[in-house]
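>>> sharing a sequence plus its predicted fold:
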Amino acid sequence: MKQRQDAWTEEEDLLLAETVLRHVREGSTQLNAFEEVGDKLNRTSAACGFRWNAVVRRRYEQALQLAKRQRKERQRLLGQQGGKKKLLYNPPVPSLAEIGEITQLPAVVSSASESSSITLDQVISFLQTLKTAHRRHEVLTKENERLRKENEEMRAKNKELEKKIAKLEENSSTIQEDYETLVRIINRARKLVLQEEEERQALKFRMDQNGNLEKIAE
């Protein structure tokens with residue numbers, strides 16, 4: 001016996017909406033949809049019906065009205081107006097989960113409902129267009145993530161290079177100071193050598209009668 005009591009998830013709500021809209025669109029009943037969802041989720045059909053009427057339906061009211069219009073158009077084309085509702089055995093059209101953000105559907109449905117008539121092929125084409133747009137969005141999202149990571153790597157490398165440059169500038173400053181100190185020492189030594197040479201050249205000696213050298217002042 002189905003006695004599941006846990007809360008409904010977003011995925012389960014989406015499955016319920018998909019199934020109900022498909023059954024209505026194809027000429028079946030909502031009760032059949034509740035039975036199908038109950039079998040898939042191990043819930044009772046009553047629980048599925050309560051969830052649809054109390055919570056989910058309000059979010060898909062426009063989509064439900066579109067599905068009813070599609071059912072009438074389908075019955076008109078097949079010459080089955082006023083016929084008995086049937087059980088479904090055909091596979092569904094592409095699911096709502098495959099077309100991306102479901103919140104975008106009501107606005108488009110509202111625009112479509114203003115038309116005088118709409119065919120099933122037009123709806124399928126529209127859903128396929130949304131599916132393609134969703135795939136493109138996924139590709140752009142992945143590319144954006146790749147560029148974000150690449151940007152982070154470049155920033156990390158830039159910081160590392162800035163540290164190296166700062167270190168080189170510090171070393172260059174130290175070398176410059178050492179060079180200037182060395183130049184001052186060399187200049188001082190050169191001046192001392194020149195001074196001693198000048199003093200040496202300025203001294204003159206002569207020998208006295210006793211054979212001793214004596215300095216002669218210039």
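Ah, there it is.
>>> tell me where this protein has helices.
10-25, 30-41, 45-51, 61-78, 105-113, 120-202 (DSSP state H).
>>> what mean pLDDT does the fifth one get?
Computed over helix 105-113, the mean pLDDT rounds to 42.
>>> report how many residues lie close to Phe50.
Using other Cβ atoms under 10 Å, Phe50 has 13 neighbouring residues. Where C-beta positions appear, they are placed from N, C-alpha and C, glycine not excepted.
>>> could you check how far it is from Lys131?
31 Å (Cβ to Cβ, to the nearest Å).
>>> picking up where we left off before, list just the one of the helices of the chain that sits closest to Gln209.
helix 120-202 (25.1 Å; Cβ to Cβ).
>>> got the angle for that closest one vs helix 10-25?
Helix 120-202 and helix 10-25 are oriented at 150 degrees to each other (axes from the mean of the first three to the mean of the last three Cα atoms, to 10 degrees).
>>> which residues touch Ser45?
31, 34-35, 37-38 (Cβ atoms under 8 Å, 6 or more residues apart in numbering).
>>> how about a cut-off of 6 Å?
34-35, 38 (Cβ atoms under 6 Å, 6 or more residues apart in numbering).
>>> how many other residues sit next to the residue nearest to it when sequence neighbours are not counted?
The shortest distance from Ser45 to any non-neighbouring residue, by Cβ to Cβ, 6 or more residues apart in numbering, is to Phe34 (4.1 Å). Neighbourhood size, Phe34 [other Cβ under 10 Å]: 25.
>>> next one: the one 3 residues further on
Under the neighbour criterion other Cβ under 10 Å, Val37 is assigned a count of 24.
>>> how about it, what does it touch?
Taking Cβ under 6 Å, 6+ apart, we find Val37 in contact with 16, 19, 48.
>>> distance check, the first one against Ala63.
Leu16 sits 12 Å away from Ala63 when distances are taken as Cβ to Cβ.
>>> more crowded one of the two?
Neighbour count, other Cβ under 10 Å: between Leu16 and Ala63, Leu16 has more, with 27 against 23.
>>> how much space between the more buried one and Trp8?
Leu16 is 8 Å from Trp8, by Cβ to Cβ.
>>> and if you look at Glu143?
35 Å.
>>> and for Arg76?
From Arg76 to Trp8 the distance is 36 Å (Cβ to Cβ).
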